[in-house]
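Engineer: Dropping a prediction and its sequence here:
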Amino acid sequence: MAKTIDFSKTVYELWKEIPEIIDIMKSLGFDAITNPAMLNTAGRVMTIRKGADMKGIPLDKIKEEFIRQGYTIKE
């Protein structure tokens, strides 16, 4: 079964659907994502794209990692 990740959804929504994204995001430099309080507050409004902008992480790098992990990206 193909795995799809929708970059238009919030991090919280994605975490509820695909819990393993937390480990992928942490490996990319999103350290605070493992904090449950952050997921339940900022994660409800933050998208991967917004987080990438805030952290200065190139979105292409994030996309490449998700593709490497077997995901198809929906934007």
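Structural biologist: Nice, I can see it.
Engineer: Look up phi and psi at the closest residue to residue 58 other than its chain neighbours.
Structural biologist: Nearest non-adjacent residue to residue 58, counting by C-beta to C-beta, 6 or more residues apart in numbering: residue 52, 7.1 Å away. For every residue, glycine as well, the C-beta is placed using N, CA and C. Dihedral angles of residue 52 (phi, psi; degrees, to the nearest 10) stand at phi -60, psi -40.
Engineer: Could you list the low-confidence segments of the chain?
Structural biologist: Scanning the chain with the threshold set as pLDDT under 70 gives 1.
Engineer: how about the helices in it?
Structural biologist: All helices of the chain, identified by DSSP state H, fall at 11-17, 21-27, 36-40, 48-55, 59-68.
Engineer: Run through the neighbouring helices and strands of the third one.
Structural biologist: So the one you mean is helix 36-40. Helix 36-40 sits against helix 11-17, with contacts defined as 3 or more C-beta pairs under 8 Å, 6 or more residues apart in numbering; DSSP states H and E.
Engineer: And for the last one?
Structural biologist: Here helix 59-68 is seen to pack against helix 21-27, helix 48-55, strand 71-74 when contacts are counted using 3+ C-beta pairs under 8 Å, 6+ apart.
Engineer: Centroid-nearest residue for the protein?
Structural biologist: Centroid-nearest residue in the chain: residue 48, 4.7 Å away (criterion: C-alpha atoms, centre = their mean).
Engineer: okay but it is in contact with residue 11, surely?
Structural biologist: Yes - counting by C-beta atoms under 8 Å, residue 48 does reach residue 11; the two are 6.6 Å apart.
Engineer: Neighbours of residue 66, how many?
Structural biologist: Neighbourhood size, residue 66 [other C-beta atoms under 10 Å]: 20.
Engineer: quick one: it and residue 75 touch, right?
Structural biologist: No - counting by C-beta under 8 Å, residue 66 stays clear of residue 75, with 11.6 Å between them.
Engineer: what comes into contact with stretch 13-33?
Structural biologist: Under the criterion C-beta atoms under 8 Å, 6 or more residues apart in numbering, residues 3, 5-6, 9, 11, 34, 38-39, 42-43, 48, 51, 55, 57, 61-62, 65-66, 69 lie in contact with stretch 13-33.
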